[in-house]
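Peer 1: quick one: sequence and predicted model below, then my questions.
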Amino acid sequence: MFEIKSNTIAPATGRVLLSEPLLQDFYFRRAAVLLIEHAEDGSFGVIMNKPIPSTLKEIMPDLNGFDAPLFIGGPVDPKSIFFLHTHGDIIRGSEPVVENLYWGGSIADTVEHIRNGTIKPDTIRFFLGYSGWGAHQVESELKKNSWAVAIPDLKNLIGMNPENIWHDLVNQLGHDYRFWTLLPTDPQFN
C-alpha cells in the first residue's frame with residue numbers, strides 16, 4: 001500500500017506545514033499553515049488555504065470599496081482579525097516574518113493605506129484566529145507524521161489561489177509525496 005510519512009525538512013519561521021492527506025480535523029484537513037514564528041517556547045502560524053464565505057467588506061464596510069477574502073487562521077482566538085502583508089515599509093509595528101513578508105502592525109495605518117489605495121487585496125491577507133503550538137509540539141506532531149514541511153516561494157504565497165496551495169506545495173516536495181494529492185479528501189469515499 002502506501003505510508004504517510006513526514007519529510008526531513010525542519011520546521012522554521014517562514015516555512016509551511018502541510019497536513020497529511022487523510023487528517024480529518026476541521027481546521028487542519030489538507031491545510032497549509034505558514035509558520036509566522038517557530039521557537040523553543042512554541043510556534044504559531046496561519047492557515048493559508050481556508051477562505052470563508054464572508055469578506056472583509058462585510059465586517060468593515062467603510063474601506064472605500066476595498067474587499068478581500070477572509071481566511072480561517074486557526075482555532076486560537078477565532079473572533080479576532082490578524083493580517084499578513086507585504087507593506088512593512090508603511091505599516092508601523094509590522095513584524096518581519098521573512099524578507100518582504102510581515103505580520104500585523106498598526107490597524108490605523110492599514111486602514112488609512114487601504115482607503116487611499118496604497119494597499120491592494122493581493123498584497124494582504126486577513127485571518128480570523130491563528131494556529132498555535134506549545135514548546136516542541138510541532139516536532140512531536142512531525143514524528144507522528146501529521147505534517148510535512150515545505151519551503152515555499154514566500155513572495156508569491158499571498159497571491160496564490162488558496163484552492164491550489166496545499167496541492168502545489170505537496171507537489172514541490174517531490175515524487176514521494178505526489179500520491180498525497182491523489183488520495184480522497186474523505187477516505188470513506190474512495
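Peer 2: Received, thanks.
Peer 1: can you report phi and psi for Gln24?
Peer 2: phi -110, psi 10 (degrees, to the nearest 10).
Peer 1: sorry, that was for Gly174
Peer 2: Torsion angles, degrees, to the nearest 10, at Gly174: phi 110, psi 180.
Peer 1: this protein: helices as residue ranges?
Peer 2: 56-59, 107-115, 137-143, 154-157, 162-172 (DSSP state H).
Peer 1: what's the separation between Phe126 and Pro75?
Peer 2: Distance, Phe126 to Pro75, by Cβ to Cβ, to the nearest Å: 17 Å. Heads up, the C-betas are built off the backbone N, CA and C, glycines and all.
Peer 1: coming back round to it: could I get the helices of the chain as JSON lines with mean pLDDT and mean neighbour count?
Peer 2: Shown next, in JSON lines, are the helices of the chain (pLDDT from 0 to 100; neighbours: other Cβ atoms under 10 Å):
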{"stretch": "helix 56-59", "mean pLDDT": "90", "mean neighbour count": "14"}
{"stretch": "helix 107-115", "mean pLDDT": "95", "mean neighbour count": "16"}
{"stretch": "helix 137-143", "mean pLDDT": "95", "mean neighbour count": "15"}
{"stretch": "helix 154-157", "mean pLDDT": "80", "mean neighbour count": "14"}
{"stretch": "helix 162-172", "mean pLDDT": "94", "mean neighbour count": "17"}
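Peer 1: go through those and name the closest to Phe66.
Peer 2: helix 107-115 (4.8 Å; Cβ to Cβ).
Peer 1: and the contacts of that closest one?
Peer 2: The contact list for helix 107-115 (Cβ atoms under 8 Å, 6 or more residues apart in numbering) reads 60, 63-64, 66, 83, 85, 87, 90-93, 119, 124.
Peer 1: which of Phe126 and Pro75 has more neighbours?
Peer 2: Phe126 (21 against 15; other Cβ atoms under 10 Å).
Peer 1: which residues sit in contact with the more buried one?
Peer 2: Leu56, Ala68, Pro69, Leu70, Phe71, Ile81, Phe82, Phe83.
Peer 1: out of the helices of the chain, flag the one nearest Ala12.
Peer 2: helix 137-143 (10.1 Å).
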